[in-house]
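Enquirer: Model the following, please.
(6 chains)
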There are 4 protein chains.
Amino acid sequence: MSTTDPSPRRRRKEARPQELLDAALELFVEKGFAATRAEEVAVRAGVSKGTLYLYFQSKEDLLRAVITHNLSERIAEGAAQVAAFSGSASELLRVVLCEWWEHIYNSPAGAVFKLVITEVRNFPEISEFYIHEVVEPAHHLLGGIVQRGIAQGEFRPVDVDVAVHSLVLPLIMICVHKHSIGACGMGEQHSLDGNAFIRQHVQLVLDGLCQPATRQPTDDTPP
Amino acid sequence: MSTTDPSPRRRRKEARPQELLDAALELFVEKGFAATRAEEVAVRAGVSKGTLYLYFQSKEDLLRAVITHNLSERIAEGAAQVAAFSGSASELLRVVLCEWWEHIYNSPAGAVFKLVITEVRNFPEISEFYIHEVVEPAHHLLGGIVQRGIAQGEFRPVDVDVAVHSLVLPLIMICVHKHSIGACGMGEQHSLDGNAFIRQHVQLVLDGLCQPATRQPTDDTPP
Amino acid sequence: MSTTDPSPRRRRKEARPQELLDAALELFVEKGFAATRAEEVAVRAGVSKGTLYLYFQSKEDLLRAVITHNLSERIAEGAAQVAAFSGSASELLRVVLCEWWEHIYNSPAGAVFKLVITEVRNFPEISEFYIHEVVEPAHHLLGGIVQRGIAQGEFRPVDVDVAVHSLVLPLIMICVHKHSIGACGMGEQHSLDGNAFIRQHVQLVLDGLCQPATRQPTDDTPP
Amino acid sequence: MSTTDPSPRRRRKEARPQELLDAALELFVEKGFAATRAEEVAVRAGVSKGTLYLYFQSKEDLLRAVITHNLSERIAEGAAQVAAFSGSASELLRVVLCEWWEHIYNSPAGAVFKLVITEVRNFPEISEFYIHEVVEPAHHLLGGIVQRGIAQGEFRPVDVDVAVHSLVLPLIMICVHKHSIGACGMGEQHSLDGNAFIRQHVQLVLDGLCQPATRQPTDDTPP
DNA sequence: CATGAATGAGACTTCATTCAT
DNA sequence: AATGAATGAAGTCTCATTCAT
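Expert: Numbering: from 1, shown residues only, chains lettered A, B, ... in the order given. Down below sits the predicted model:
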């Protein structure tokens, strides 16, 4: 109802790319890139086959757009949180991870993880983009917090990379699970979704990070 | 049943299905099921296109065979270990997880995780098989150990499922990573492969599980 | 019919069909009818795709218009020349052919020859039009001159049709060449364009036509 | 019934490329490259759509093969004739041109002229091939004969290139005509096909070339 | 009149599968 | 049992044409 209300035709036009990207993400995650027909994407977006090609040069181009579009949005979110926070490293990690989690798990971004894992070997440029734009920034951010925790004596002097991975990999795995096995409707037993797990998981690893005294020799006696 | 080897030609013939399964696993993991051509599988297995169809009714049938064949083998391995073991729950988990890990990570079985994640939604019967034959047995096994650890006072009374997932999800995620992003040759920085991580990760979570005294209020954390 | 020019905008509008016809001729000759997109024609004419369809019912209709429009103009030109001429048949042929040549070779009409050759078999009505409106009038005109030359003892009693074809076919072929192989920019060696050839070619055939004795000085003084 | 009679299947296979090339030449000349569907070619060759692609990578590749295949064959034919000939330049030209003519006009090679003219601007590599493999050899051959005729006083000192073109262009034009306008079945009036024309045309131009005195009678007596 | 977003028939090309050899 | 030529359904992409603005 704004005064600059564009015509319906024009409004449709501006919304098309996003509608197509959304439909494509859904279908690519659901069936895989190669098994999704371009026309399916178009139909789910409410347009015809030809219209898809007004906005994307090829199906492959659409895939790239889906990934970059959905990842670019969420990238900088965490950094702001961290900068504005004051408190213990534990608390900061808990906040950052859980907040991130809720944003990502319940948004298209979560699906992108599965998409990247599924398609990256056929489109190597995706790998580059994903590592530079997602993996490295996130790893750097979390690694910094862990590092700080260690420096301040809050955490034991563990391997920073290991700690970050122990914290983060289950989060990603659950996103992936949600969009693969978890979407097969095999009952709720192994649902393992839900934010409940994340909170407890983070707590569990933080417990492992914090405790100073009771320590086993950390040896890794080979078999 | 004779001890003498069959002729090379005969041995070759009997090995065909296995060679086709191996080639199919490699290619399905590398390019995805839909993007892999039946002839590619045949060629990599050293036979012709037609031969593939002497052993498998269809490409889809080949996919099912790849998954069931590679998973069925590894299923019972762990149970034996556990039964024969006496020691602390921590020690048992460490041994079981690390031993499993080495077997799976460096074998075709690791690739199957990626394959299952990638293809389940197009072939729901895979989900059923995977959950019944892999997820449930493994979860039951590990959950039992954790349960025992709690009952014996070795572990704090955590949620068993959470603990199992915290322990196991990174292992699976690393398998998946190895066959997706990790296979893109993007430098060694984010390699995160290697058994080193697993040992430290398991230790870290076990630390979180064991510690009795120094505890934060664990619960709470309002949304 | 007023002597005052219409407004630029109005003139533009009235010129649209001609601009579209010109653009279409260029492109149809350059790429062929089937390989030329309607939008390309529109763009080269400086209008939008939709506008093309305001003036022509279909792409095929446009092709017909291109041909009839460009051929109709040049048809009657020669007849007038002939009627007003007094002199030998040789001289008349030389004048008519060379004059025609310069008009046609350096005008869109030359391109139409290639277009007709290229597209007739897909649009048989073009054949009818072309034969009735171009081939027959021209053949009749030239044949008449040759006939007169024979009757007057200036030419030997050759087959009139043969003589006409020997005179004319190279002219057409050079038009066609200019718009096919000659437009590929393959160097100037086999350019064979240029009015020089035509003059000498006509002279050569006229030499063959003329009675043995009555030979002219074979001058080919270029302009 | 030779002893090395291959199986029917195999015999088919070896004949396929030629059958496809023949069908393609017919259709490309008839309808143009762009307007011919790949499946039409396949059907006319008696195979299915897919089979075409077992022998040619693409429709474009098929076009190139059609042209090179049909032109390469006829290239060297003339040179042999010339080498083996002794007699006047006039006689040699008459023999070479008329013999060539019969070979080319009544063979697929004649159709290729129209095809080249029609498609060359969309596939510039055709131009290169055609000029190097057809135009230049043929022009060189005929130019040599004319040159010799002039040197021996048989011909007047005309421009060699002009003479060659005057002789040859009508032949090519008639080939082109046969496969364009001539194929539209517009009655026999303007048929202008037939070897009759060629003989008379060559004679007419040769008459123009010969020294004034030395007219038709095979006599000579140069000045 | 003019535009250009939208459509969908249709063309090229691929590939799972069959079957004669 | 093994092959690989052949098929044709199906998928990607194009483009002539329409029509709301």
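Enquirer: CA atoms for contacts and neighbours, from now on please.
Expert: Noted.
Enquirer: quick one: least confident helix or strand in chain A?
Expert: helix A:77-83 (a mean of 69; mean pLDDT, DSSP states H and E).
Enquirer: can you pull the pLDDT of A:Thr184?
Expert: Heads up, residue A:184 is Cys, not Thr. A:Cys184 carries a pLDDT value of 89.
Enquirer: got it, and A:Glu188?
Expert: 58.
Enquirer: likewise A:Arg11?
Expert: A:Arg11 carries a pLDDT value of 60.
Enquirer: now swap in A:Leu142 and tell me
Expert: With respect to pLDDT, A:Leu142 scores 93.
Enquirer: Please name the residues that touch it.
Expert: Each residue near A:Leu142 by C-alpha atoms under 8 Å, 6 or more residues apart in numbering or on different chains is listed here: A:Leu93, A:Val164.
Enquirer: Please spell out which residues along the host helix or strand of it are buried.
Expert: A:Leu142 belongs to helix A:136-151 when assigned by DSSP states H and E. Under the neighbour-count criterion of 16 or more other C-alpha atoms under 10 Å in any protein chain shown, helix A:136-151 has A:Pro137, A:Ala138, A:His139, A:Leu141, A:Leu142, A:Gly143, A:Ile145, A:Val146, A:Gln147, A:Gly149, A:Ile150 buried.
Enquirer: for stretch A:58-70, same thing?
Expert: For stretch A:58-70, burial by neighbour count (16+ other C-alpha under 10 Å) applies to A:Lys59, A:Leu62, A:Leu63, A:Ala65, A:Val66, A:Ile67, A:Asn70.
Enquirer: Please compute how far the helix holding A:Leu142 lies from its chain's middle.
Expert: Centroid separation between helix A:136-151 and its chain, computed with C-alpha atoms, centre = their mean, to the nearest Å, is 18 Å.
Enquirer: Now the two most distant members of the buried residues of stretch A:58-70.
Expert: The most widely separated members of the buried residues of stretch A:58-70 are A:Lys59 and A:Asn70, with 16.6 Å between them, by C-alpha to C-alpha.
Enquirer: and A:Ala84, what are its phi and psi?
Expert: For A:Ala84, the backbone dihedrals (degrees, to the nearest 10) come out as phi -90, psi 0.
Enquirer: so what's it scoring on pLDDT?
Expert: At A:Ala84, the pLDDT value in this model is 72.
Enquirer: Nearest to B:Lys49, out of the buried residues of stretch A:58-70: which one, please.
Expert: Of the buried residues of stretch A:58-70, the one sitting nearest to B:Lys49 (C-alpha to C-alpha) turns out to be A:Lys59, at 28.4 Å.
Enquirer: if I pick that closest one, what's in contact with it?
Expert: Residues near A:Lys59 by C-alpha under 8 Å, 6+ apart: A:Ala38.
Enquirer: got it, and A:Met186?
Expert: A:Met186 makes contact with B:Ser127, B:Glu128, according to C-alpha under 8 Å, 6+ apart.
Enquirer: Can you tell me the SS state at it?
Expert: Put simply, A:Met186 is coil when judged by DSSP: H, G, I helix; E, B strand; the rest coil.
Enquirer: Now name the helix or strand holding the closest residue to A:His165 other than its chain neighbours.
Expert: Among residues not flanking A:His165 along the chain, B:Pro170 sits closest, at 7.6 Å (C-alpha to C-alpha, 6 or more residues apart in numbering or on different chains). Taking DSSP H and E as the criterion, B:Pro170 maps to helix B:160-179.
Enquirer: same thing with A:Ala42?
Expert: In this structure, A:Ala42 sits in helix A:38-44 according to DSSP H and E.
Enquirer: what separates stretch A:37-45 from the chain centre, distance-wise?
Expert: 24 Å.
Enquirer: Confirm A:Glu154 sits in a helix?
Expert: No - assigned with three-state DSSP, A:Glu154 falls outside any helix and is coil.
Enquirer: list the contacts for it?
Expert: Applying C-alpha under 8 Å, 6+ apart to A:Glu154 gives the contacts A:Ser88, A:Ala89, A:Cys210.
Enquirer: Let's see that with 7 Å instead.
Expert: The contact partners of A:Glu154, taken as C-alpha atoms under 7 Å, 6 or more residues apart in numbering or on different chains, are A:Cys210.
Enquirer: Dihedrals phi and psi, it?
Expert: In terms of degrees, to the nearest 10, the main-chain angles of A:Glu154 are phi -80, psi -40.
Enquirer: For it, report the pLDDT, please.
Expert: Reported pLDDT at A:Glu154 in the predicted model: 95.
Enquirer: Repeat that for the one 4 residues further on.
Expert: pLDDT, the model's per-residue confidence, is 94 for A:Val158.
Enquirer: State whether it is indeed within a helix.
Expert: No - A:Val158 sits outside any helix when classified using three-state DSSP, being coil.
Enquirer: residue contacts, it?
Expert: Residues in contact with A:Val158 (C-alpha under 7 Å, 6+ apart): none are found.
Enquirer: Could you report the separation of it from B:His201?
Expert: A:Val158 sits 10 Å away from B:His201 when distances are taken as C-alpha to C-alpha, to the nearest Å.
Enquirer: A:Gly144 now?
Expert: 19 Å.
Enquirer: before we move on, what about A:Arg94?
Expert: Distance from A:Arg94 to B:His201, by C-alpha to C-alpha: 18 Å.
Enquirer: ok, these two, which is more surrounded?
Expert: Taking neighbours as other C-alpha atoms under 10 Å in any protein chain shown, A:Arg94 and B:His201 compare with B:His201 leading, 26 against 19.
Enquirer: Contacts for stretch A:22-35 next, please.
Expert: By C-alpha under 7 Å, 6+ apart, the residues outside stretch A:22-35 that reach it are A:Thr36, A:Val41, A:Arg44, A:Ala45, A:Val66, A:Ala111, A:Lys114, A:Leu115, B:Ala34, B:Ala35, B:Arg121, B:Asn122.
Enquirer: For that stretch, output the C-alpha coordinates as CSV.
Expert: Below are the C-alpha coordinates for stretch A:22-35, written out as CSV (Å, rounded to 0.1, in the frame of the first residue of the first chain):
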residue,chain,number,x,y,z
ASP,A,22,13.8,-20.8,-2.8
ALA,A,23,12.1,-23.5,-4.9
ALA,A,24,15.5,-24.6,-6.2
LEU,A,25,17.0,-24.9,-2.8
GLU,A,26,14.1,-27.0,-1.7
LEU,A,27,14.3,-29.3,-4.6
PHE,A,28,18.1,-29.6,-4.9
VAL,A,29,18.2,-30.5,-1.2
GLU,A,30,15.3,-32.9,-1.6
LYS,A,31,16.3,-34.7,-4.7
GLY,A,32,19.8,-33.6,-5.5
PHE,A,33,20.9,-31.3,-8.3
ALA,A,34,21.1,-33.9,-11.1
ALA,A,35,17.9,-35.5,-10.2
